[in-house]
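[1] A predicted structure for the sequence below; I have some questions about it.
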Amino acid sequence: MSSPVEKPVRTVEGPTPAAIVPGAERSLSELRILIVDDDAGDRKQMRGALATAHVGGEFVEVVEMQQAVSACEEREFDCILLDHFLPGMRGVDGIPLIRERLPQVPIVLVTGNGSEEIAAESIKGGATDYVSKSNMTPDRVRGAVESAIEKSHLRRKIDEQREELRNFSRILAHDFAAPARRVHLFSDMVVEALQNGDYDEARDISLKVVQASEHMEGLIQALSCYNRLSTATIEIAPVRMDDVVAQAREIVEEAISASGAVVSPEPLPTVLGVEPLLVELMQNLIENAIKYRSDEVPEVRIRARRWGADWGFAVQDNGMGIPEKYHAEVFEPLRRVSGGNIPGTGLGLAICRRILEHLNGRIWCTSEPGSGSTFHFTLSSVPGDDTPTEA
């Protein structure tokens, strides 16, 4: 028998640690879980099965759909266990209301009358997974929650990639159009100059055709690198960052010499990574510092500090700087915030971000116009590295 509608009840559990769920920031034992069921006995059964399976660090219990919607407006949850039959509304019919507040939250629909029809209706209605109360074993509950979180994470990644592809295609069309127009325009001018017998002008304009073509070639190569990183299969191993910086400096030696840049790395640690990718990362960051320099001789400092289980790196320059509103945008593909007077593809920092995503790291920048920029990134430390954490 269902109990009368009650006020939301919050309980806190402390099961032992469990494995990290793919794509989740916390372990299964640290999840925030919302239980939506109007029967106190069933809520207790769910909570007990979760605790036995070491799932959930904090539980919020509500007894009807409006309370669930309100709870989702107040905070985020890692997973929701939603009863199929609630006072005034079926759980499956209330899923869209929850999705309006938390679009990607994993929802496991729970019912006392399990059937293939209800299971199919649940998934079609937006539930991530389904479990019957008659099969509310710890293993089944753990499996349903873990599966729901993993599916939700995959759906989120697909949505992000779809949106990135839309933006990428739009910007790509614009960036390829400009050099293509220049090639076409200058080619017509070369033909006209030759027809007029002005061979010196034809030669000068031909150089502009070559420059525009080289820009297109550079853009194509950068795009190839960016897309290759989307599907790359990598094997992570210990890599000496001192060696990485040395190789990157050799690759960009011409730019360093031409600008008079001073690249000053401190002694750097060994990390978990892929050497060719890390060389490409450091090459892009050094080139970026030289390319977007100020009137002063470019200076690039590279340092590392221990941050918990990771190493935090900083590549600091004395260049033109970046306004705060563009600190996130500079890592988007084909986004250039410096204007069109500096040559480049707009993919260097996007490639850096993609490399670090593959290596379970992250990158961000701190900068002010006229005061240079510092690009920070993290990489995993080698197991057994007991270097003290930076305070």
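    Cool, the structure landed. Keep in mind the model is a prediction, meaning the values are calculated, not measured. Residues are numbered from 1 along each chain as shown.
[2] for the chain, what helix or strand is lowest in average pLDDT?
    strand 9-12 (a mean of 44; mean pLDDT, DSSP states H and E).
[3] mean confidence for the next helix or strand after it?
    Next helix or strand after strand 9-12 toward the C-terminus (DSSP states H and E): strand 32-36. For strand 32-36, mean pLDDT rounds to 92.
[4] which strands and helices sit next to strand 32-36?
    Contacts defined by 3 or more C-beta pairs under 8 Å, 6 or more residues apart in numbering; DSSP states H and E place strand 32-36 against helix 40-52, strand 58-62, helix 65-74, strand 79-83. All C-beta atoms are positioned from the backbone trio N, CA, C, and that covers glycine.
[5] do that again at 6 Å, thanks
    strand 58-62, strand 79-83 (3 or more C-beta pairs under 6 Å, 6 or more residues apart in numbering; DSSP states H and E).
[6] Mind checking these for the one nearest to Gln195?
    strand 79-83 (72.7 Å; C-beta to C-beta).
[7] Can you tell me which helices and strands that closest one packs against?
    Using 3+ C-beta pairs under 6 Å, 6+ apart, strand 79-83 sits against strand 32-36, strand 107-111.
[8] Note down every partner strand of that strand and its orientation.
    Sheet pairing here is set by DSSP bridges, and for strand 79-83 it gives strand 32-36 (parallel), strand 107-111 (parallel).
[9] looking at those strands, which is buried most?
    strand 107-111 (a mean of 26; mean count of other C-beta atoms under 10 Å).
[10] Which residues outside it are in contact with it?
    Strand 107-111 is contacted from outside by 80-84, 91, 118, 122, 127-131, 144, 148, using C-beta atoms under 6 Å, 6 or more residues apart in numbering.
[11] pull the CA atoms of it into CSV?
    Presented in CSV, the C-alpha positions along strand 107-111 are these (Å, rounded to 0.1, in the frame of the first residue of the first chain):
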residue,chain,number,x,y,z
ILE,A,107,17.3,7.9,-15.1
VAL,A,108,16.6,4.3,-14.1
LEU,A,109,12.9,3.5,-14.1
VAL,A,110,11.8,1.2,-11.4
THR,A,111,8.5,-0.7,-11.3
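[12] low pLDDT regions in the stretch 201-350 of the chain?
    215, 218-234, 333-346 (pLDDT under 70).
[13] before we move on, back to that, deepest of the helices and strands packed on strand 32-36, which one?
    Most buried among the helices and strands packed on strand 32-36, counting by mean count of other C-beta under 10 Å: strand 79-83, with a mean of 28.
[14] Could you give the average pLDDT over that one?
    Mean pLDDT, strand 79-83: 91.
[15] from the middle of its chain, how far away would the next helix or strand after that strand be?
    Remark: after strand 79-83, the chain's next helix or strand is strand 85-86, criterion DSSP H and E. Centroid separation for strand 85-86 versus its chain: 37 Å, with C-alpha atoms, centre = their mean, to the nearest Å.
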